[in-house]
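Asks: Predicted model and sequence below, questions to follow.
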Amino acid sequence: MPENSSLLTALRQSAVHLTEKIGARPAGSPAERQTQQWLAEQLGGLGYRCEWQEFTFAPLPAFFPYYSLGAIWLIAAVWLLPGFAWLAVAAPLWVGLLPYFRLWLQYRLPCTARSQNLLGLPAGSKAEELRLLLVAHVDTARALPYVEGPLYALRRQWYAVLSRAGWMTAFFGALAVLQMPLPPNLLSVLRVLIGVVGLAYIGLDYYDQRGSDGAFTRGANDNASGVAVLLETARWLADKPHLHPRVGFLFTGAEEAGLFGARQAALQLKRLAKTLSVLSVDMVGSGENLRIYHAELGLKPLLTDSTLNSQLQAADLQASPYLARRRSGDFAPFVRAGFRATGIESSGTPAFWRAYHTLRDDLPLLDAQRMAQTCLTLQRWIENHFQP
């Protein structure tokens, strides 16, 4: 691990400023804007020129019935058997579509809130001259209640459990479609089992979203760590005139509401898709090593740029490929817009993953050495692949 004391100190100071002085940074809030204004001051002092990208977005509802919709479908399907058997057969498909349906619906809600991105460009340069854009979101998530033990294990597995319940429902639906007899006692057991599981999911879904009474995290690892790393990378580049004009920095808003900032930036910069590479840096302050996003898995996998992934792997031999399930990042809108893009995060620790998106995502979880190692990885990568 690096032992550059000035780098470690600077990373800690930035994380403290974001986490303690500013605190929670909800999408579209004055605190989110304050964070970006502070970053604009820091970048301006390093010789960067800052531009603002204003946009509107749909704020997250107080309760978004994500898992509840899946649970209601399963309960209805088993209680309507043997009639409406196709409702039961389609249960796994509906559960599999839930993440996509959630995003589809989120992007169609009224855009009643305002946020912004901060784009830092080398002084005297234009966006068209950039070859690399480093991205980090500044906003923080609505807090989940902190849980441990069986409840935490269930939170980690409850999509998998819901999927298995869907396949069980589909099996009995298929029997009904084939007009095979369903023993009444067995059907009653199935209805009770799916009913208990479904009602538990509805209750836990509401508890997860409303249990913290609308509070937002202070986001030490997610994502003060990524912001601090990008700021120190900008500081390092300011003294590298041969590299400085080729790298820009984007600090996005409203990531936690649905990647709205990155979507806006990808739209505004789409003309540069053939020449500009993009890397999102998120949650890099905890864990043994970096993870490089190779794909988002799902019904329609989203593949990141294999060349960038190989370059990053060469810059940090301890990094590992990561195949994400039901998780995303600011790289995704850029990939969909045709950019060469990927993302990195750190592997995290058990303590961090329990604290993920809770009020315990705070400074004690941060490892400045891990952030410094990420800085050095970015430095090696930029020097090796973004020379004039």
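Replies: Yep, it's here.

Asks: Make sure Ser68 is indeed in a helix.
Replies: Yes - counting by DSSP: H, G, I helix; E, B strand; the rest coil, Ser68 is part of a helix.

Asks: my guess is it meets Ala200, correct?
Replies: No - with contacts defined as CB atoms under 8 Å, Ser68 does not count as touching Ala200, sitting 11.0 Å away. Heads up, the C-betas are built off the backbone N, CA and C, glycines and all.

Asks: So the two - more neighbours on which side?
Replies: Ser68 (19 against 15; other CB atoms under 10 Å).

Asks: ok, that one - contacts?
Replies: 201-202, 205-206 (CB atoms under 8 Å, 6 or more residues apart in numbering).

Asks: Ok, Leu18 next?
Replies: Contacts for Leu18 (CB under 8 Å, 6+ apart) come out as 25, 35, 138, 219-220, 224, 227-228.

Asks: Helix, strand or coil: sort out the closest residue to Tyr201 other than its chain neighbours for me.
Replies: What sits nearest to Tyr201 in space, not counting adjacent residues and going by CB to CB, 6 or more residues apart in numbering, is Ala71, at 4.0 Å. Classification of Ala71 using three-state DSSP returns helix.

Asks: Same check on Met180?
Replies: Under three-state DSSP, the three-state class of Met180 is coil.

Asks: confidence score at it?
Replies: We have a pLDDT of 92 for Met180.

Asks: Show me what the longest helix along the chain is packed against.
Replies: Scanning the chain for the helix with the most residues, using DSSP state H, yields helix 149-177. In terms of contacts (3 or more CB pairs under 8 Å, 6 or more residues apart in numbering; DSSP states H and E), helix 149-177 is packed against helix 66-79, helix 85-89, helix 91-106, helix 184-210.

Asks: Now with 10 Å, please.
Replies: Using 3 or more CB pairs under 10 Å, 6 or more residues apart in numbering; DSSP states H and E, the elements in contact with helix 149-177 are helix 66-79, helix 85-89, helix 91-106, helix 184-210, helix 350-355.

Asks: Which of the residues in the first one are classified as buried?
Replies: By neighbour count with 16 or more other CB atoms under 10 Å, helix 66-79 contains the buried residues 66-71, 73-75, 77-78.

Asks: For Ala265, state which of those residues is nearest.
Replies: Tyr66 (26.1 Å; CB to CB).

Asks: In three-state terms, label the residue nearest to the spatial centre of the chain for me.
Replies: The centroid of the chain falls nearest to Gly329 when counting by CA atoms, centre = their mean (3.9 Å). Here Gly329 is coil, with the state taken from three-state DSSP.

Asks: Spatially nearest residue to it (excluding sequence neighbours)?
Replies: Gly343 (4.4 Å).

Asks: Name the strands paired with the helix or strand hosting the one you found and say parallel or antiparallel.
Replies: Of the helices and strands defined by DSSP states H and E, Gly343 is found in strand 340-346. Strand 340-346 pairs in its sheet with strand 277-281 (parallel), strand 290-297 (antiparallel), by DSSP bridges.

Asks: looking at the ones you listed, which is buried most?
Replies: Burial of those is given as mean neighbour count (mean count of other CB atoms under 10 Å); strand 277-281 ranks first at a mean of 28.

Asks: CA atoms only for that strand, dumped as PDB, please.
Replies: Extracted C-alpha coordinates of strand 277-281, given in PDB (Å, rounded to 0.1, in the frame of the first residue of the first chain):
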ATOM      1  CA  SER A 277     -13.400   7.100 -22.800                       C
ATOM      2  CA  VAL A 278     -15.300   7.200 -19.500                       C
ATOM      3  CA  LEU A 279     -14.500   5.700 -16.100                       C
ATOM      4  CA  SER A 280     -16.900   5.900 -13.100                       C
ATOM      5  CA  VAL A 281     -15.300   5.800  -9.700                       C
END
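
Asks: can you give me how far it is from the chain middle?
Replies: 13 Å (CA atoms, centre = their mean, to the nearest Å).
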